[in-house]
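Peer 1: got a structure for you, letters missing:
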């Protein structure tokens, strides 16, 4: 079947590869991101998915939401599965046993599978130079297994394993800077995206998939369940994240050239973003407000760093 060429002005008309018949929570941003990934290319595409919200909600036997070849292997190693498929493809081509169109290879993982328990597998794939794209669906918590904190969970967030209470303000550690870590591998392309800025997201995803070598996308995926906001507020909360610079949108090419791709006309205070989510409500108590001040300082410092690095091109 011939698929319509992707066109931003005709986005809604593109033939679907990801069906809406899934069990993701109402308002979950995962579906928005995955749909965009699959519609970003007309080439054959192979998908690997780590254990997580996406996997358990889109492939409930005997049903599936995937209209492409898809594999679930383990919590930690969707990257390895897709790297294996990519290596097999190269072998078949070398032996003259594959004559079809060159496929794209994409792995999905949540922040738990990416920042934490799957990181060594991802790092290995990038060190070996597999021609693949890894996409982290970053909802900043182990949302599928009980809301535990991950390496992506922000400072001060209340989770089931770092609960806020009389003796704690929530998580006491800062969020890991996964994009700079992946750029440090010398990857040809890494980028941060957010589904509320879908044109920016589409361009970056397409660029990542079409770039030779291992590429990485960190996609903010607001979680209505664990971030504790109403299901109809996903885009609004995402707007607050990027406009407060808590989740800045930028790309890094060949591990060095950094480009900021979205600059808010009116930068919002971090407290506006925090106040829209129940996971941070305890920070507005007098005894915890110093954490809001710390988060604002961290965001300001990082934004200044990104701007300096963009100007220096190093």
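Peer 2: That came through fine. Note that this is a predicted model, so its numbers are computed, not measured. Numbers count the residues shown, from 1 in each chain.
Peer 1: residue ranges for the strands of this structure, please.
Peer 2: 45-49, 70-72, 104-110, 133-138, 164-165, 168-169, 189-193, 215-220, 250-253, 257-260 (DSSP state E).
Peer 1: Strand partners (parallel or antiparallel) of the first one?
Peer 2: Which is strand 45-49. strand 70-72 (parallel), strand 104-110 (parallel) (DSSP bridges).
Peer 1: And those strands: which comes nearest residue 131?
Peer 2: strand 104-110 (6.7 Å; Cβ to Cβ). Where you see a C-beta, it was placed from the backbone N, CA and C, and this is true even at glycine.
Peer 1: which residues touch that closest one?
Peer 2: 34, 37, 41, 43-50, 52-54, 78-79, 81-83, 85-86, 89, 118, 122, 130-139, 142-144, 209 (Cβ atoms under 8 Å, 6 or more residues apart in numbering).
Peer 1: let's go with 6 Å and repeat that
Peer 2: Residues outside strand 104-110 that contact it (Cβ atoms under 6 Å, 6 or more residues apart in numbering) are 41, 43, 45-50, 52, 54, 78-79, 82, 85-86, 118, 132-137, 209.
Peer 1: can you pull the contacts of the residue nearest to the spatial centre of the chain?
Peer 2: In the chain, the centroid-proximal residue (Cα atoms, centre = their mean) is residue 219; its distance is 2.5 Å. Neighbour list for residue 219: 33, 137, 193 [criterion: Cβ under 6 Å, 6+ apart].
Peer 1: How about the contacts made by the second one?
Peer 2: When the contact criterion is Cβ under 6 Å, 6+ apart, the partners of residue 137 are 30, 110, 219, 221.
Peer 1: Please repeat the previous calculation with a cut-off of 7 Å.
Peer 2: 30, 33, 54, 108, 110, 219, 221 (Cβ atoms under 7 Å, 6 or more residues apart in numbering).
Peer 1: likewise the last one?
Peer 2: Applying Cβ under 7 Å, 6+ apart, we find residue 193 in contact with 200-201, 204-205, 217, 219, 249.
Peer 1: what two of those residues are the furthest from one another?
Peer 2: The most distant members of the contacts of residue 193, if one measures by Cβ to Cβ, are 205 and 249, lying 12.6 Å apart.
Peer 1: who has more neighbours, those two?
Peer 2: residue 205 (26 against 22; other Cβ atoms under 10 Å).
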